[in-house]
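J.: Need coordinates for the below:
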Amino acid sequence: MRVAAVVQARMGSTRLPGKVLRPLGGRPVLSWVLRAVEASGCADEVVVATTVLPEDDPVEQWARESGVAVVRGSADDVLARYLDALAAHPADAVVRLTADCPLLDPALLRGVVALWRSAPDAYDYVATTLERTLPRGLDVELVSAPALRRAGAGAGGHHRAHVTSYVWSRPDLFRLGGLVVRPAAADLRVTLDTAEDAALLDALVARLGDAPPDWRELVGVLRSSPDLVALNAAVQQKELEEG
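T.: Below is the predicted model of the structure:
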């Protein structure tokens, strides 16, 4: 069963423009995501899905120079971008990743894909976020190709921007599975959306080093460092309907 990892990346963030190519520990944020996928060994192919906007030319250039396939599509309809990626790079399932989650743990990627591979007929969707118990920013989602196409045919509104929300919000239509960890750490935030998030990530990488971190080590550092957690504790996550 072929798995493609598709990483959505664009320069036009409203709260932190250019964040996906922002330097983090000496390499672009996007590089951290792609390196985690490579280290996981779980994907048969990796694709960067960016937009057709001229401002995203640097994303395509960087990805191609790094030897990574690129698909360009709608700036607002991210689901359509994923369907374009699936059409250009056929697979039985797609791992959805975002370029603003640089501290992904390769083990979580392997776990999500392994659960789906263990029973591909039993799951349309597997994720670390179905019940969120990990820090925001360690998000890994897998959606089967048939489920993604079904979403493409049926989804509208904010579901077009969030790619998988049409699937995971309809357990009556789709078969869902999730990875849950204990003790939970969903109160922590290591995604990159604001300048405060960037300050936290810079400080974390300075302590953890230049390697994809183990999620347990990451949580341990944050639990023992309230000064770090305070750096982005006030950041409010956007509501689903905000895009």
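J.: Tell me what the residue most central in space within the chain is bridged to.
T.: Centrality entry for the chain: nearest residue to the mean C-alpha point is Leu97, 2.5 Å, by C-alpha atoms, centre = their mean. Beta bridges link Leu97 to Val7 when assigned by DSSP bridges.
J.: I'd say it and Ala5 touch.
T.: Yes. At 6.1 Å, Leu97 and Ala5 qualify as touching, with contact defined as C-beta atoms under 8 Å. C-betas here are computed from N, CA, C, even on glycine.
J.: Next, show the common contact partners of the two.
T.: Residues touching both Leu97 and Ala5 (C-beta atoms under 8 Å, 6 or more residues apart in numbering): Val37.
J.: Pull up the gap between Ala36 and Glu60, please.
T.: Per C-beta to C-beta, to the nearest Å, Ala36 is found 21 Å from Glu60.
J.: who's more crowded, these two?
T.: Ala36 (25 against 18; other C-beta atoms under 10 Å).
J.: May I have the residues that are in contact with that one?
T.: Residues in contact with Ala36 (C-beta under 8 Å, 6+ apart) are Leu104, Asp105, Pro106, Leu109, Pro212.
J.: Can you show me the strands along the protein?
T.: Assigned by DSSP state E, the strands in the chain fall at 3-8, 23-24, 27-28, 45-51, 69-73, 93-98, 125-127, 141-144, 176-178.
J.: in this protein, which spans are helices?
T.: Here the chain has its helices, by DSSP state H, at 29-40, 57-65, 78-88, 106-118, 145-154, 159-162, 165-168, 195-208, 215-223, 226-229.
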